[in-house]
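Peer 1: model the following, please.
(one chain, ligands or ions: 3)
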Amino acid sequence: MSASEISTALLVVAWLAINGYFFISSFYHFENKEEYFYTRKMLKSALAWARAPAACLNFNLFLLLLPVCRNLLSVCRGICPCQFLRHQLDDNIICHQLLAWTVTLLTAVHIIAHVFNLERYAGAWSADENNTLLGALSRIDGNGYLNPMRNENMTPLLASVTTVAGITGIVATICLFLLLSSSMTLIRRSFFELFWLTHHLSAIFYIAIAFHGYGRIVRGQTPESLKNHDPDICSDKFNNWGSNTTCPLPQFVGLPPKTWKWILAPMVLYALERGLRFYRAQQTVAITRVVCHPSRVLELRLRKRGFHAGVGQYVFLCIPSLRSLEWHPFTLTSAPEDDYFSVHVRVVGDWTEGLAKVCGMAEEFEEGAGNAEGCERHKRKPKLDTWQLPFVAVDGPFGSPADAVFEYNTSVCIAGGIGVTPFASVLKSTWNRVSRGSPLKLSKIYLFWLCRDTHAFEWFSELLVALESQLTDIGRPETLEYNIFLTAWDENQALHIAMRHEQETDVILGTKQKTSFGRPSWDREFSRLVEKHQG
Ligand SMILES: Cc1cc2nc3c(=O)[nH]c(=O)nc-3n(C[C@H](O)[C@H](O)[C@H](O)COP(=O)(O)OP(=O)(O)OC[C@H]3O[C@@H](n4cnc5c(N)ncnc54)[C@H](O)[C@@H]3O)c2cc1C
Ligand SMILES: NC(=O)C1=CN([C@@H]2O[C@H](COP(=O)(O)OP(=O)(O)OC[C@H]3O[C@@H](n4cnc5c(N)ncnc54)[C@H](OP(=O)(O)O)[C@@H]3O)[C@@H](O)[C@H]2O)C=CC1
Ligand code: HEM
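Peer 2: Ligands and ions are numbered 1, 2, ... in the order given. A predicted model of the protein is given here:
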């Protein structure tokens with residue numbers, strides 16, 4: 001197992017252990033503690049089954065927001081001493097989803113247990129009033145009551161909609177259901193905005209949870225009462241509680257709410273996160289250049305005062321004139337050393353099409369366009385002046401999928417389609433460092449890029465051809481080996497390629513290294529690399 005896998009396993013084991021501790025200690029507490037002797041008589045084990053998941057919910061609701069506080073993650077990434085721990089930060093969304101499903105499971109157990117509790121609170125009244133312990137316990141009134149259903153007309157449903165715990169529990173459950181259903185992969189992939197807007201119910205969810213314990217509905221015998229009313233002695237003398245001095249009427253008190261203490265910090269952190277995003281959205285970012293590339297790729301070059309990024313990080317872009325609430329992630333294709341930052345946007349849906357339109361490229365990216373002809377036409381068109389381009393807000397940079405590249409002698413980079421963008425940044429930065437003679441541990445990059453159509457290569461091939469010749473010029477041709485795989489092609493292309501296979505440079509890219517066809521055999525590729533670098 002790699003260091004990264006070991007650290008993931010250790011983190012999961014630690015998280016499970018902490019959950020196990022909270023569940024077992026809380027279950028044992030409510031199942032055995034003297035102060036809940038009478039509460040258990042009324043609720044039996046449903047008390048412990050409601051409280052134990054609640055203890056774990058506190059812990060997981062504390063954690064749930066942390067992986068989606070992107071700026072917090074960036075700070076952690078900056079101070080994180082080792083690469084494999086930094087890798088954990090890149091799995092933030094997976095962590096968030098694991099926590100969310102854990103919250104869902106714990107919530108389900110908690111709700112089921114509380115349904116039993118409400119039934120048993122109601123049932124305690126219906127027992128024959130005069131000769132049952134539960135009847136005697138239910139008739140205790142004043143502040144020291146035990147049964148939160150204060151009279152025999154109260155039903156479980158009525159209790160659910162007239163108590164703070166019930167109302168906040170129902171609101172939180174409805175929010176949770178909507179959050180979960182809109183977070184399904186199918187919804188996120190097909191209706192991202194629906195997912196995104198529904199996800200804002202998380203604010204209501206957390207506020208409801210913060211007030212959930214306010215009603216102090218779970219009650220135990222007070223320490224003072226325990227001193228002069230020992231349940232082991234008095235429980236069967238309920239008929240003359242109060243009249244004799246050895247068994248005065250037991251008094252009860254509700255558990256003080258705890259959840260708000262657990263979730264206050266992550267809620268404040270997340271609020272700061274959104275505040276910072278709002279502040280950044282006001283900052284001026286200039287689009288200095290817009291380039292139309294084939295295969296429906298739009299390149300934006302931007303400038304923002306004080307902007308610094310690592311290789312292959314990503315930013316969120318928002319075009320207020322397009323959709324003021326939508327932020328879309330795009331990877332930086334510029335190198336940290338460049339005096340601008342750039343993104344290559346593949347026009348795939350409504351927002352990216354809107355972006356093409358506001359950048360004056362409506363027809364180039366109409367359905368089916370955005371290919372070489374469209375871009376040629378664009379080159380002949382009068383350019384929009386930068387002041388005509390839309391105001392764009394930038395949040396970030398975030399993430400660091402590629403910054404480990406420079407920490408090894410040899411790095412293998414694998415990308416599919418537009419997923420190559422982080423490596424554009426890596427290759428540019430490698431060139432900058434090599435050409436400046438900056439100290440560089442990295443001596444070899446293997447790039448594997450898989451694409452469906454030849455057009456997809458065009459915007460990136462310029463960079464590869466330039467890099468290949470520049471590295472040759474400085475006597476470092478071996479620094480970069482790229483393996484390009486065309487995974488979908490038509491007959492004409494196949495014929496065209498076959499007829500020119502002897503050509504020195506690649507038919508598609510114009511580079512010395514030739515394009516391969518179909519998906520790579522990873523076993524063969526990796527064995528080749530192992531053989532080459534063994535020892
Ligand atoms: C970390 C990261 C880096 C990315 N880097 C690039 C890049 O360098 N170049 C590039 O072309 N694309 C990149 N993408 C993908 C890009 O964000 C989406 O293609 C774009 O948001 C689609 O928006 P749309 O409304 O035009 O398409 P839609 O048709 O609405 O959506 C197409 C796909 O993008 C997803 N998507 C839609 N809106 C968002 C959003 N606001 N946030 C996240 N995902 C969304 C949808 O789930 C769907 O799977 C990256 C995505 C991520 C998560
Ligand atoms: N992490 C990041 O920084 C970034 C991530 N992205 C993401 O990258 C993705 C790229 O999308 P797009 O441009 O549409 O890509 P395409 O779907 O157009 O191309 C994907 C390529 O990868 C190949 N491929 C896919 N899966 C495998 C596999 N398991 N093994 C081998 N080859 C595979 C495909 O081969 P075949 O034709 O045989 O299916 C195809 O050639 C998007 O989801 C985008 O969100 C984008 C930019 C940055
Ligand atoms: C209790 C339930 C949940 C709560 C309270 C919650 C809360 C949040 C919050 C506050 C964000 C941050 C949004 C932002 O500012 O970027 C977020 C992001 C996200 N959540 Fe959840 N979530 C929950 C459940 C889920 C589930 C079940 C999934 C998927 C299975 C999910 C997937 C995501 C994803 C993918 C993001 C990142 C969105 C982005 O950054 O583009 N969430 N969630």
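
Peer 1: quick one: check the top helix by length along the chain for contact with ligand 3.
Peer 2: Longest helix of the chain, by residue count under DSSP state H: helix 92-126. Yes: using C-beta under 6 Å from any ligand atom, helix 92-126 reaches ligand 3 at 93, 96-97, 100, 103. For every residue, glycine as well, the C-beta is placed using N, CA and C.

Peer 1: which outside residues touch the host helix or strand of A271?
Peer 2: Element membership of A271 [criterion: DSSP states H and E] is helix 259-282. Outside helix 259-282, the residues that touch it by C-beta atoms under 8 Å, 6 or more residues apart in numbering are 54, 57-59, 61-66, 68-72, 206, 209-213, 316, 318, 320, 327, 393-395.

Peer 1: touching ligand 1 at all, the longest helix of the chain?
Peer 2: No: applying C-beta under 6 Å from any ligand atom, one finds helix 92-126 separated from ligand 1 by no less than 8.6 Å.

Peer 1: same question, stretch 292-299
Peer 2: No: on the criterion C-beta under 6 Å from any ligand atom, stretch 292-299 is out of touch with ligand 1, staying 7.2 Å away.

Peer 1: may I have that stretch as CSV, with CA atoms only?
Peer 2: The C-alpha trace of stretch 292-299 is given here as CSV (Å, rounded to 0.1, in the frame of the first residue of the first chain):
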residue,chain,number,x,y,z
CYS,A,292,-11.1,30.2,-29.8
HIS,A,293,-9.6,26.7,-30.1
PRO,A,294,-10.9,23.8,-32.1
SER,A,295,-13.0,21.0,-30.4
ARG,A,296,-15.1,23.6,-28.7
VAL,A,297,-12.4,24.8,-26.4
LEU,A,298,-12.3,28.5,-25.3
GLU,A,299,-9.1,29.9,-23.7
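
Peer 1: gap between L179 and A203?
Peer 2: According to C-beta to C-beta, to the nearest Å, L179 and A203 sit 11 Å apart.

Peer 1: ugh, typo on my part, it should be T132
Peer 2: T132 is 45 Å from A203, by C-beta to C-beta.

Peer 1: same question for V109.
Peer 2: 25 Å.

Peer 1: what's the answer for T333, then?
Peer 2: Taking C-beta to C-beta, one finds T333 at 35 Å from A203.

Peer 1: neighbour-wise, which of those two wins?
Peer 2: T333 (27 against 14; other C-beta atoms under 10 Å).

Peer 1: for whichever strand or helix holds A466, packing partners?
Peer 2: For A466, the host element (DSSP H and E) is helix 455-473. Helices and strands touching helix 455-473, by 3 or more C-beta pairs under 8 Å, 6 or more residues apart in numbering; DSSP states H and E, are strand 297-303, helix 421-435, strand 480-486.

Peer 1: between the ones you listed, which gets nearest to I170?
Peer 2: Among those, the nearest to I170 by C-beta to C-beta is helix 421-435 (44.6 Å).

Peer 1: any idea of the mean pLDDT for the next helix or strand along the chain from that closest one?
Peer 2: With elements assigned by DSSP H and E, the helix or strand that comes after helix 421-435 is strand 444-451. Summarised as a single mean, pLDDT over strand 444-451 is 92.

Peer 1: equivalent analysis for stretch 504-516, please.
Peer 2: For stretch 504-516, the per-residue pLDDT averages 71.

Peer 1: and S45, how many neighbours?
Peer 2: 13.

Peer 1: again, but for H308
Peer 2: 9.

Peer 1: ok, T410 next?
Peer 2: Neighbours of T410 (other C-beta under 10 Å): 14.

Peer 1: residues contacting it?
Peer 2: T410 neighbours (C-beta under 8 Å, 6+ apart): 442-446, 529, 533.

Peer 1: can we see that at 10 Å?
Peer 2: By C-beta atoms under 10 Å, 6 or more residues apart in numbering, T410 lies in contact with 441-446, 529, 532-533.

Peer 1: please report phi then psi for it.
Peer 2: phi -130, psi 130 (degrees, to the nearest 10).

Peer 1: pLDDT score for it?
Peer 2: Looking at T410, the pLDDT reads 92.

Peer 1: can you count the residues close to the closest residue to V297 other than its chain neighbours?
Peer 2: In this structure, V297 finds its nearest non-sequential neighbour in W459, 4.9 Å apart by C-beta to C-beta, 6 or more residues apart in numbering. Residues near W459, counting by other C-beta under 10 Å, number 24.
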